[in-house]
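Enquirer: Sequence and predicted structure are below.
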Amino acid sequence: FERIQYSLTIQVAGQGSVSERVVRAAAKTTDYISETVVELTATPDEGWLFAGWSGDASGSINPLELTMDAPKTVVATFERIQFPLTVQTVGEGSVDERVVQGAAKTTDYPTGSVVELTAAPAPGWVFSGWSGDLEGTDNPIQVTMDGPKTVTATFKVLYQLTITTTGRGQVAERVATAKSATYIEGQIVELTAVAEDGWILTEWKGDASGTEDTIQLLMDSDKEVTAAFWTAPVTDIQGTVYRTVPIGEQIWMAENLRVGQYQDGSALLNSQDTQTWSILADGAWVYYDNDLLNSVPYGKLYNWYAVNDPRGLCPEGWHVPDSIEWNAMVAELGGASVAGGKMKAEGTDYWDLPNAGATDESGFTAYPAGRRSSGSTFVNLKAETLFWSATSRSAGDAWYRQLSKDSASLVRESIDKRTGASVRCIRD
């Protein structure tokens, strides 16, 4: 007698294999002898997992023992391993997922799937970068699902930086991190104030402060910054520093001249003697009433010969204005009838009442220094001031501009060149 032999057919669904081992029977043949017990072991390929038996076997026990008491057909089912892809966002925006290679998208992605992620920022925001299981700023970007993945797309808000200037200069911008059309939240912008010749940065205003030419600004909101430029102070040959003021296209000293030397370093006569002053035909200066206390704010009084001396009374790059330059300032200030009020220092600390029309709108800040007449008499301190023009009228007279406590006008007249009057310099 011979034992009945039964066939065992093994089928595979998915990617994997099944090994057979006779547990209890004669040596293995093509078919199995009745009552042979066969051990089946399912071995999934990489990226797959064993899901279970079907056909003449069931369940998911692995390995499985099968008794051959009839012909058998067994199916070992393998399924792809699925990995979750978690996409998070920081800021305002979204991420689109598209399967480039692999099965259609489900809750999880089968192992080996290649997923393309595209970051889409909301209006007013910009994509900043990937983090987690992806790094970089490529957009779109691909991720291979060879394990569970968590990816974060960071979006940052765009902020506007508005820069204005007062005075003459400009502001250069340099971004300390990568630059975009506008500035990304968290970017650091370096601002450098570049003043025109003869001007300086006085301060930053608005969302910046300080006086350094170069500052750094953190873009954590919309910013408005103003760079305030003003005319640079000027220093005379003796080291005295004078404030300056722009009036139209001109730059003027905002203080009366107080120098006691010519620009070449040679001495300028301090003529206190009454008789000498009245006969001089050379340059000379005095304080009002020969009193040093009148130096500030009134400055020195000079005869016109000092003004006209070729050695130069004003600092280098500056000169005494002529009639044409005075007229240009008058026009800028709205005409002679109102220019005086816009030039005079306000109040009555220095000017006597009524100090008519005084606003100092121009920033010229004229004080009532009085005069010394050609006959050596000091008159009208606190009541008037005279400013020399470099323009001569005749052999004995020259033009000047006069301000009075009683008027808002700037008066143009001529006077004896031996008169002591104030000097304001203008930039070349």
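Expert: Right, received. Where do you want to start?
Enquirer: Please make it C-alpha for all contacts and neighbour counts, starting now.
Expert: Noted.
Enquirer: low-scoring stretches of the chain, by residue?
Expert: Low-confidence regions of the chain, defined here as pLDDT under 70, cover residues 1, 3, 14, 16, 22-30, 99-107, 175-181.
Enquirer: which helices and strands does the longest helix along the chain pack with?
Expert: Secondary structure of the chain read by DSSP state H shows that its longest helix is helix 323-332. Helices and strands touching helix 323-332, by 3 or more C-alpha pairs under 8 Å, 6 or more residues apart in numbering; DSSP states H and E, are strand 384-392.
Enquirer: ok now the strand it packs on, how far from the chain's centre?
Expert: Here the centre of strand 384-392 is set off from its chain's centre by 46 Å, with C-alpha atoms, centre = their mean, to the nearest Å.
Enquirer: just stretch 47-64 next, same as before
Expert: Distance of stretch 47-64 from its chain centroid, counting by C-alpha atoms, centre = their mean, is 67 Å.
Enquirer: Which positions within that stretch qualify as buried?
Expert: Residues of stretch 47-64 classed as buried by neighbour count (16 or more other C-alpha atoms under 10 Å): 47-53, 57, 64.
Enquirer: Check the separation of the first and last residues in it.
Expert: In terms of C-alpha to C-alpha, to the nearest Å, the two terminal residues of stretch 47-64 are separated by 22 Å.
Enquirer: Can you tell me what sits against that stretch?
Expert: Residues lying outside stretch 47-64 but in contact with it, judged by C-alpha atoms under 8 Å, 6 or more residues apart in numbering, are 14-16, 39-44, 66, 72-81, 111-112.
Enquirer: For ChimeraX, what selects the buried ones among these?
Expert: Below is the selection syntax for ChimeraX that covers the buried ones among these, with 16+ other C-alpha under 10 Å defining burial:
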select :14,15,16,39,40,41,42,43,44,66,72,74,75,76,77,78,79,80,81,111,112
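Enquirer: Tell me which of the contacts of stretch 47-64 fall in strands.
Expert: Among the contacts of stretch 47-64, the residues falling in strands (DSSP state E) are 16, 39-44, 66, 72-80.
Enquirer: The lengthiest strand in the chain pairs with which strands, and in what direction?
Expert: Once the chain is assigned using DSSP E, the strand that runs over the most residues is strand 149-159. Here strand 149-159 is paired, per DSSP bridges, with strand 85-90 (parallel), strand 125-132 (antiparallel), strand 183-184 (antiparallel).
Enquirer: all helices of this structure, in order?
Expert: Using DSSP H, the helices assigned to the chain run over residues 274-279, 304-308, 323-332, 336-343.
Enquirer: For the shortest one, list every residue counted as buried.
Expert: Within helix 304-308, the residues that qualify as buried are 304-308, counting by 16+ other C-alpha under 10 Å.
Enquirer: Stretch 400-413 too?
Expert: Using 16+ other C-alpha under 10 Å as the burial criterion, the residues of stretch 400-413 that qualify are 400-405, 407-412.
Enquirer: mind listing what the nearest residue to residue 399 once chain neighbours are set aside touches?
Expert: On the basis of C-alpha to C-alpha, 6 or more residues apart in numbering, the spatially nearest residue to residue 399 that is not a chain neighbour turns out to be residue 414, at 4.1 Å. Each residue near residue 414 by C-alpha under 8 Å, 6+ apart is listed here: 393, 397-400.
Enquirer: Stretch 252-259: end-to-end distance?
Expert: Between the opening and closing residues of stretch 252-259 lies a distance of 16 Å (C-alpha to C-alpha).
Enquirer: Which of the contacts of residue 414 has the largest number of neighbours?
Expert: The residue in the contacts of residue 414 with the most neighbours, by other C-alpha atoms under 10 Å, is residue 400 (25 neighbours).
Enquirer: doesn't residue 285 make contact with residue 300?
Expert: Yes: in this structure, residue 300 sits in contact with residue 285. The criterion is C-alpha atoms under 8 Å, and the distance is 6.4 Å.
Enquirer: coming back round to it: in strands, which of the contacts of residue 414 appear?
Expert: Judged by DSSP E, strands contain the following of the contacts of residue 414: 397-400.
Enquirer: before we move on, the earlier item: pick the one among the buried residues of stretch 47-64 closest to residue 421.
Expert: Sorting the buried residues of stretch 47-64 by distance to residue 421 puts residue 47 at the head of the list, at 100.6 Å, by C-alpha to C-alpha.
Enquirer: Distance check, the closest one against residue 142.
Expert: For residue 47 relative to residue 142 (C-alpha to C-alpha), the value is 19 Å.
Enquirer: Could you double-check that residue 364 lies in contact with residue 340?
Expert: No: at 9.9 Å, residue 364 and residue 340 do not qualify as touching, with contact defined as C-alpha under 8 Å.
Enquirer: Which of those two has more residues huddled nearby?
Expert: Neighbours were tallied for residue 364 and for residue 340 using other C-alpha under 10 Å; the higher tally belongs to residue 340 (30 against 23).
Enquirer: Quick check: the more buried one touching residue 401?
Expert: No: at 9.5 Å, residue 340 and residue 401 do not qualify as touching, with contact defined as C-alpha under 8 Å.
Enquirer: so what sits against both of those two?
Expert: With the criterion set as C-alpha under 8 Å, 6+ apart, the overlap between the contacts of residue 340 and residue 401 is residue 410.
Enquirer: got TSV for the buried residues of helix 304-308, with distance to residue 319 too?
Expert: Written out in TSV, the entries for the buried residues of helix 304-308 read as follows (distance: C-alpha to C-alpha, whole Å):
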residue	distance to residue 319
304	13
305	14
306	12
307	9
308	10
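Enquirer: tell me which of those is nearest to residue 252?
Expert: Comparing the buried residues of helix 304-308 against residue 252 with C-alpha to C-alpha picks out residue 307 as the nearest, at 16.0 Å.
Enquirer: burial count for the residue lying closest to that closest one once chain neighbours are set aside?
Expert: The shortest distance from residue 307 to any residue that is not its chain neighbour, by C-alpha to C-alpha, 6+ apart, is 6.2 Å, and that residue is residue 313. Neighbouring residues of residue 313 were enumerated by other C-alpha under 10 Å; the total is 27.
Enquirer: what do you get for residue 137?
Expert: The local packing of residue 137 (other C-alpha under 10 Å) involves 15 other residues.
Enquirer: just to revisit the earlier point, what residues sit buried inside the longest helix of the chain?
Expert: By neighbour count, and taking 16+ other C-alpha under 10 Å as the criterion, the buried residues in helix 323-332 are 323, 326, 329-330, 332.
Enquirer: Rebuild those residues as TSV, extending it with distance to residue 205.
Expert: What follows is the buried residues of helix 323-332, written out as TSV (distance: C-alpha to C-alpha, whole Å):
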residue	distance to residue 205
323	38
326	33
329	29
330	31
332	27
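Enquirer: Could you work out the most separated pair of those?
Expert: Longest distance between any two of those is 14.2 Å, between 323 and 332; criterion C-alpha to C-alpha.
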